[in-house]
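Undergrad: Got a sequence here, can you model it:
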Amino acid sequence: MSAEEVANAFVNHFYQTFDGGVDALAGLYNPQSMLTFEGQQVQGSENIIGKLKAVGTVTHTVKTIDIQPSSSPNSIVIFVTGAIQIGGDNPLHFCEFFHLCSTGPGQYYVHNDVFRLNYGL
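TA: From the prediction side, this is the model:
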């Protein structure tokens, strides 16, 4: 699969899964994974899932996906923009960056994840 195919499949899976139940995302992270969520850093799958669960019930609408191969031939960087609705409130704009690293043919984990809400400019 190309980097674009992997990244598009990942993004679709990630946000559908997040919206349906954050716990199911745990397998995408490992002990070395790092999440920066609105400036707060957490490391490791369990801590990351805890942070994401604290957000509450959400619905994502992806608007754009930008994909690049990384400096390593076994990693991909992804930048996503869209809207997130938290607990039924009005949607807010967000951006999220992922660095996926391969653990084997066709297998990736999220090494880095950076999330920010985009407020009025």
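
Undergrad: which residues of this structure score low on pLDDT?
TA: For the chain, applying pLDDT under 70 flags the ranges 121.

Undergrad: Tell me which stretches of it form strands.
TA: 34-37, 40-43, 58-69, 75-86, 92-104, 107-118 (DSSP state E).

Undergrad: Let me have those in CSV, extended by distance to Phe18 and mean neighbour count.
TA: From N, CA and C alone the C-beta is placed, and that goes for glycine too. Converted to CSV, those look like this (distance: least, Cβ to Cβ, whole Å; neighbours: other Cβ atoms under 10 Å):
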stretch, distance to Phe18, mean neighbour count
strand 34-37, 12, 18
strand 40-43, 16, 12
strand 58-69, 6, 14
strand 75-86, 9, 18
strand 92-104, 10, 17
strand 107-118, 11, 16
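
Undergrad: Asn8: which of these is closest?
TA: With respect to Asn8, and counting by Cβ to Cβ, the nearest of these is strand 58-69 at 6.5 Å.

Undergrad: could you check the angle strand 92-104 makes with the closest one?
TA: Angle between the axes of strand 58-69 and strand 92-104 is 50 degrees (criterion: axes from the mean of the first three to the mean of the last three Cα atoms, to 10 degrees).
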